[in-house]
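Chemist: fold the following for me, if possible:
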Amino acid sequence: MTCNVPTMLTWLRILLIPVFVGVFYLPIDPQQLGAIPAHWVNITATTIFAIAAITDWLDGYLARRLNQTSAFGAFLDPVADKLMVAAALIVLVEFERVGAIIALIIIGREIAISALREWMAGEGQRSSVGVAMIGKIKTAVQMIAILFLLYWDNVHLASMGILQTKLIGHILIAIAAFLTLLSMAYYLKAALPKIRAK
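Modeler: Below is the predicted model of the structure:
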């Protein structure tokens, strides 16, 4: 197994998942002794997810910059991404911050496209379903939406009034779900000639 800086960052992202989920199950009832403010939980979860998102970009950048790309790293990186996003969406559904349908669309698409890429790789056609711009835009919108939904509490800005994080998060996650379906259609269309041939 390859062990280098990019791969270690990817492992860090995976290790952050139980920490991220665990934060939401800390005692926040003000009646309990030693309870933690709900706002602190939101900030901490948002910070952990933001760190994970940064390492997602950083490990890819360092792999290219330090010439430390590897087959194992290429496998582990998207797995870590999907696990983190799935964990965040499941938590958000449980705490009623996002609809189950949207979570199913996003998680289902990730599973379906991952399976499609593996199949296409077995057919020697992985490059035809490589990451496209529509997929990158979807991921960016999705990550920002999750950050807003994790933070949840409105932000009071002196110059702009109240920043309604819930509303912004709901709008962005709906856009992300639409882009998710659009990108899935794009990848399926790219794989269609091979599927028909089979």
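
Chemist: tell me which residues of the helix or strand harbouring S114 come out buried.
Modeler: In the assignment (DSSP states H and E), S114 maps to helix 100-122. Buried residues in helix 100-122, defined by neighbour count with 16 or more other CB atoms under 10 Å: I102, A103, I105, I106, I107, R109, E110, I113, L116, R117, W119, M120. To be clear about C-beta, it is placed using only N, CA and C from the backbone, and glycine gets the same treatment.

Chemist: surely the last one touches K194?
Modeler: This means M120. Yes - assessed by CB atoms under 8 Å, M120 is found in contact with K194 at 6.6 Å.

Chemist: helices of this structure, start to end?
Modeler: Applying DSSP state H to the chain gives helices spanning 5-23, 38-65, 71-94, 100-122, 133-151, 165-197.

Chemist: now mean pLDDT too, for these, in a markdown table please.
Modeler: Formatted as a markdown table, the helices of the chain follow (pLDDT from 0 to 100):
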| stretch | mean pLDDT |
| --- | --- |
| helix 5-23 | 91 |
| helix 38-65 | 88 |
| helix 71-94 | 89 |
| helix 100-122 | 88 |
| helix 133-151 | 92 |
| helix 165-197 | 88 |
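
Chemist: which of those sits most buried?
Modeler: Across those, averaging neighbours per residue (mean count of other CB atoms under 10 Å) puts helix 133-151 on top, at a mean of 20.

Chemist: what's the angle from it to helix 100-122?
Modeler: Angle between the axes of helix 133-151 and helix 100-122 is 140 degrees (criterion: axes from the mean of the first three to the mean of the last three CA atoms, to 10 degrees).

Chemist: so which elements touch helix 133-151?
Modeler: Here helix 133-151 touches helix 38-65, helix 71-94, helix 165-197, going by 3 or more CB pairs under 8 Å, 6 or more residues apart in numbering; DSSP states H and E.

Chemist: from P6, how far off is W57?
Modeler: W57 sits 11 Å away from P6, going by CB to CB, to the nearest Å.

Chemist: now L182
Modeler: Distance, L182 to P6, using CB to CB: 30 Å.

Chemist: ok, R109 next?
Modeler: Per CB to CB, R109 is found 26 Å from P6.

Chemist: check V41 too.
Modeler: Counting by CB to CB - V41 and P6 are separated by 31 Å.

Chemist: same check, this time on F72
Modeler: Taken as CB to CB, the span from F72 to P6 is 10 Å.

Chemist: show me the domain layout of this structure.
Modeler: Domain ranges of the chain: 1-96, 99-198, per automatic domain parsing.

Chemist: coming back round to it: can I have the helix holding S114 written out in CSV, keeping just the CAs?
Modeler: The C-alpha trace of helix 100-122 is given here as CSV (Å, rounded to 0.1, in the frame of the first residue of the first chain):
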residue,chain,number,x,y,z
ALA,A,100,-34.6,12.2,2.2
ILE,A,101,-35.4,12.3,-1.5
ILE,A,102,-32.6,14.8,-2.2
ALA,A,103,-30.2,12.7,-0.1
LEU,A,104,-31.2,9.5,-2.0
ILE,A,105,-30.7,11.2,-5.4
ILE,A,106,-27.2,12.4,-4.5
ILE,A,107,-26.0,9.2,-2.7
GLY,A,108,-27.7,6.9,-5.3
ARG,A,109,-26.0,8.8,-8.2
GLU,A,110,-22.6,8.4,-6.5
ILE,A,111,-23.1,4.6,-6.2
ALA,A,112,-24.5,4.2,-9.7
ILE,A,113,-21.7,6.3,-11.4
SER,A,114,-19.0,4.6,-9.3
ALA,A,115,-20.3,1.2,-10.5
LEU,A,116,-20.5,2.5,-14.1
ARG,A,117,-16.9,3.7,-13.9
GLU,A,118,-15.7,0.4,-12.6
TRP,A,119,-17.5,-1.5,-15.3
MET,A,120,-16.2,0.9,-18.0
ALA,A,121,-12.7,0.5,-16.6
GLY,A,122,-13.0,-3.3,-16.9
